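Novice: Output the structure for:
(2 chains)
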Amino acid sequence: GESVGLHLPTLSVQEGDNSIINCAYSNSASDYFIWYKQESGKGPQFIIDIRSNMDKRQGQRVTVLLNKTVKHLSLQIAATQPGDSAVYFCAEIAGLSGGGADGLTFGKGTHLIIQP
Amino acid sequence: NAGVMQNPRHLVRRRGQEARLRCSPMKGHSHVYWYRQLPEEGLKFMVYLQKENIIDESGMPKERFSAEFPKEGPSILRIQQVVRGDSAAYFCASSPNRRIAAFFGQGTRLTVV
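Specialist: The predicted structure follows:
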């Protein structure tokens, strides 16, 4: 079946460095993507989203890049801080513009570890 | 403006008992989604509801699981005759419009013993 998945289960970076978390998706009908951050014992927290008619979107210290040709999504976090340590999930939904399932499909997550 | 509120945060049930999980959406949100998360896994969509209506329950197990979102009060996810495999974190999300589940609650962690 089609799914959303992440390339690496754990990513360790030095504090202050930039982080890049990758995500591959297989549903070509996906047209809306969201990155969530989940800290231990808490619910997912919305970080940034992007629609399929865009290639790039920037937020505060975060940038999401979408490559529809290879069905790849990435989250870039600039100047990582200890508070960025968490599990990051990409999620996708197909048919936002009409039709398709109503639930987000989540990948398994990447655990980002910030080294002091 | 309070966020999505779920209770209880932790719930322990013996096999065969019923579990009731409650979710109050954010103020002004009429769309509610339930997700299940197993340890070290992503979230799996279960059901999407609007007030008094189940819109999409394609992720719900066919037996023992039910959900409602009455006109008044919180959304309820009910699991009857729980089994050990039901042990998981159950998250609720709400949104002001469909197909965007941007705001999640803190979850209910169900343990079946």
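
Novice: Write out the residues of chain B neighbouring chain A.
Specialist: B:4, B:6, B:33, B:35, B:40-46, B:48, B:55-56, B:58-59, B:91, B:98-107 (CB under 8 Å from any CB of the partner chain). All C-beta spots, glycine's among them, are computed from the backbone N, C-alpha and C.

Novice: Which entries within those residues meet the buried criterion?
Specialist: With burial judged by 16 or more other CB atoms under 10 Å in any protein chain shown, the buried subset of the residues of chain B next to chain A is B:4, B:6, B:33, B:35, B:42-46, B:48, B:56, B:59, B:91, B:99-107.

Novice: Correct me if wrong: residue A:115 contacts residue A:13.
Specialist: Yes - counting by CB atoms under 8 Å, residue A:13 is a contact partner of residue A:115 at 6.7 Å.

Novice: residue boundaries of the strands in the chain?
Specialist: Chain wasn't specified; assuming chain A. Secondary structure of chain A (DSSP state E): strands located at A:4-5, A:10-14, A:19-25, A:30-38, A:45-51, A:56-58, A:62-67, A:72-77, A:86-94, A:105-106, A:110-115.

Novice: right idea, wrong chain: chain B
Specialist: In chain B, strands defined by DSSP E lie at B:5-7, B:10-13, B:19-24, B:31-37, B:43-50, B:53-56, B:65-68, B:75-79, B:88-95, B:103-104, B:108-112, listed in chain order.

Novice: which stretches of chain A aren't confidently modelled?
Specialist: Under the criterion pLDDT under 70, the flagged ranges of chain A are A:1-8, A:95-102.

Novice: In it, which residue sits nearest chain B?
Specialist: Across chain A, the shortest distance to chain B (CB to the nearest CB) belongs to residue A:103, at 2.7 Å.

Novice: So for residue B:45, what pLDDT did the model give?
Specialist: At residue B:45 the predicted local confidence, pLDDT, stands at 89.

Novice: For the residue of chain A closest to chain B, grab the count of nearby residues.
Specialist: Residue A:103 is flanked by 24 other residues according to other CB atoms under 10 Å in any protein chain shown.

Novice: Make sure it is actually in contact with residue B:48.
Specialist: Yes - in terms of CB under 8 Å, residue A:103 counts as a neighbour of residue B:48; the distance is 6.1 Å.

Novice: so what sits against both of those two?
Specialist: When contacts are counted by CB atoms under 8 Å, 6 or more residues apart in numbering or on different chains, residue A:103 and residue B:48 have B:33, B:56 as shared neighbours.
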